[in-house]
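Engineer: here's a sequence, model it:
(one chain, ligands or ions: 1)
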Amino acid sequence: MLTESSVREILGSLKEPFLHKSLAELDAIEEIKIKEEKNHVSVKIGIARTGTSEQLQLQTQIVNLLKEAGATTVGIRFSQLSDEVLAAHRHAEPEKEENLLNSKNTTFIAIASGKGGVGKSTVSVNLAVALARLGKKVGLIDADIYGFSVPDMMGITKRPVVRGEKIIPVERFGVQVISMGFFVEDNSPIIWRGPMLGKMLNSFFHEVEWGEIDYLLLDLPPGTGDIALDVHSMLPSCKEIIVTTPHPTAAFVAARAGAMAVKTDHEVLGVIENMAYFESKLTGEKEYVFGRGGGDKLAEELNTEVLGRLPLNQPDWNDEDFAPSVYQEDHPLGKLYLDIAEKVVGRLKK
Ligand SMILES: Nc1ncnc2c1ncn2[C@@H]1O[C@H](COP(=O)(O)OP(=O)(O)OP(=O)(O)O)[C@@H](O)[C@H]1O
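Structural biologist: Model (predicted):
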């Protein structure tokens, strides 16, 4: 027949599900009653949070253990552990679910532009690759729902695999990439409604197994729509980089995206002027095909700096390692991207 001390011994090593300490250590077995004639054992157990699914699991464990040990019937009551016990052991309570959003080691950088076609995705991809070339652990979310171009730009042909309940991003050039484009059949267009965008981002943060990430870049859709607001509410400490062409109108439109960042308290790390000029391979002469001054004007308006000026130039394609929009490390633009990545790292250290 079970005795009070044998019940205490059997249950003592069970772990309290929230504080992760044994019931014995927490002194959480508050009462044991044994009715010999009915072979009935009843116990009262303290738990950090009553009425939870964890309580139900613990209850099942207790019933099974006591029945295995010979009890015919088992009665259990749960009580809330006292504030003193909770305070003494709270430090042992693990963080909620570990994910990127509550990781202190990850810096989020959103890449935004006022209008489409200025090279925002190209910049996102190459900045991510350059940061990885500097030895950083980098993730890239293709949140440009109007055209998921990142996988194609990086020459990604694989799709993410699912392990358990988590999606494993695809790695390319040392960057962990996730794109809604991975989950869309045959490049078919999707009609997006406001809340879907937020849901998509949310699932990218919670359902993707990012591992350790120093920098997570987000390629935002152009403009100042819902997704920029979603990013703000989900990532209040997100930094922003604004991409513009040197054309005054482009800079004017980009200023709106920048103003949005400022209004939502996102620190603007700087401006990148893309398609800044064309440099002749023959004479080295620079032609300012799309005008001049847009980047400076925008930086001044947003009280920030121009992180880099990128000329018009194509990457050198390579059949073995096909990635149509990624500049090689020794390509003039590859070097410029490394400079920009170093500036970004430097600014974030300040
Ligand atoms: N510096 C550059 N030199 C030459 N071509 C460039 C440069 N930057 C971008 N491009 C080209 O310009 C086109 C538009 O670039 P990209 O798709 O990156 O722009 P975007 O701002 O992300 O556009 P959207 O928001 O519409 O997706 C692409 O074909 C890209 O290869």
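
Engineer: element containing Lys335, please.
Structural biologist: helix 332-349 (DSSP states H and E).

Engineer: any buried residues in that helix, and which?
Structural biologist: 333-334, 336-338, 340-341, 343-345 (16 or more other C-beta atoms under 10 Å). (Glycine included, C-beta is placed from N, CA and C.)

Engineer: using JSON lines, lay out the residues you listed together with distance to Ala88.
Structural biologist: Converted to JSON lines, these look like this (distance: C-beta to C-beta, whole Å):
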{"residue": "Leu333", "distance to Ala88": "58"}
{"residue": "Gly334", "distance to Ala88": "56"}
{"residue": "Leu336", "distance to Ala88": "56"}
{"residue": "Tyr337", "distance to Ala88": "52"}
{"residue": "Leu338", "distance to Ala88": "51"}
{"residue": "Ile340", "distance to Ala88": "50"}
{"residue": "Ala341", "distance to Ala88": "46"}
{"residue": "Lys343", "distance to Ala88": "48"}
{"residue": "Val344", "distance to Ala88": "44"}
{"residue": "Val345", "distance to Ala88": "42"}
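
Engineer: surely Lys33 forms part of a helix?
Structural biologist: No - looking at Lys33 with DSSP: H, G, I helix; E, B strand; the rest coil, it is strand, so not inside a helix.

Engineer: I'd say it and Val74 touch.
Structural biologist: No - Lys33 lies out of contact with Val74 (C-beta atoms under 8 Å); the separation is 11.0 Å.

Engineer: what sits in contact with each of these two?
Structural biologist: Each of 41-43 lies in contact with both Lys33 and Val74 under the rule C-beta atoms under 8 Å, 6 or more residues apart in numbering.

Engineer: could I get those as TSV with secondary structure and pLDDT?
Structural biologist: Putting these into TSV (DSSP: H, G, I helix; E, B strand; the rest coil; pLDDT from 0 to 100) gives the following:
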residue	secondary structure	pLDDT
Val41	strand	94
Ser42	strand	94
Val43	strand	94
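
Engineer: those residues of the stretch 51-200 of the chain touching the ligand, which are they?
Structural biologist: Neighbours of the ligand within the stretch 51-200 of the chain, by C-beta under 6 Å from any ligand atom: 113, 116-122, 144, 147, 149.

Engineer: in helices, which of the residues you listed fall?
Structural biologist: Within these, residues falling in helices by DSSP state H are 120-122.

Engineer: and the protein, what are its domains?
Structural biologist: By the record's domain assignment, the chain is partitioned as 4-92, 100-349 (automatic domain parsing).

Engineer: worst mean pLDDT among those domains?
Structural biologist: Lowest mean pLDDT within the domains of the chain: domain 100-349, a mean of 87.

Engineer: what about that domain, distance to the chain center?
Structural biologist: Domain 100-349 sits 14 Å away from the centroid of its parent chain (C-alpha atoms, centre = their mean, to the nearest Å).

Engineer: again with stretch 33-42
Structural biologist: 53 Å.

Engineer: what about that stretch, how long is it end to end?
Structural biologist: Stretch 33-42 has its terminal residues 5 Å apart, counting by C-alpha to C-alpha, to the nearest Å.

Engineer: stretch 44-62 too?
Structural biologist: Stretch 44-62 has its terminal residues 11 Å apart, counting by C-alpha to C-alpha.

Engineer: can you count the residues close to Lys137?
Structural biologist: 18 (other C-beta atoms under 10 Å).

Engineer: spit out the contact partners of the closest residue to it other than its chain neighbours.
Structural biologist: Spatially, and ignoring its direct neighbours in sequence, Lys137 is nearest to Asp214 (4.7 Å; C-beta to C-beta, 6 or more residues apart in numbering). Asp214 is in contact with 105-107, 131, 136-138, counting by C-beta under 8 Å, 6+ apart.

Engineer: how about a cut-off of 7 Å?
Structural biologist: Listed by C-beta atoms under 7 Å, 6 or more residues apart in numbering, the contact set of Asp214 reads 105-107, 136-138.

Engineer: please apply the same query to Leu298.
Structural biologist: Leu298 neighbours (C-beta under 7 Å, 6+ apart): 242, 244, 251, 254-255, 258, 271.

Engineer: pretty sure it belongs to a helix, no?
Structural biologist: Yes - Leu298: assigned to a helix according to three-state DSSP.

Engineer: which residue is the nearest non-sequential neighbour of it?
Structural biologist: Ala251 (4.5 Å).

Engineer: which residues in the stretch 1-150 of the chain form strands?
Structural biologist: Assigned by DSSP state E, counting those that start in this stretch, the strands in the stretch 1-150 of the chain fall at 29-35, 40-47, 73-80, 107-113, 138-142.

Engineer: ah, wrong one, I meant the stretch 251-350 of the chain
Structural biologist: Going by DSSP E, counting those that start in this stretch, the stretch 251-350 of the chain shows strands at 268-274, 278-279, 286-287, 306-310.

Engineer: would a markdown table of those strands with distance to Val175 be doable?
Structural biologist: Converted to a markdown table, those look like this (distance: least, C-beta to C-beta, whole Å):
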| stretch | distance to Val175 |
| --- | --- |
| strand 268-274 | 18 |
| strand 278-279 | 27 |
| strand 286-287 | 31 |
| strand 306-310 | 19 |
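
Engineer: can you tell me which of these is most buried?
Structural biologist: Highest mean neighbour count among those (mean count of other C-beta atoms under 10 Å): strand 268-274, with a mean of 25.
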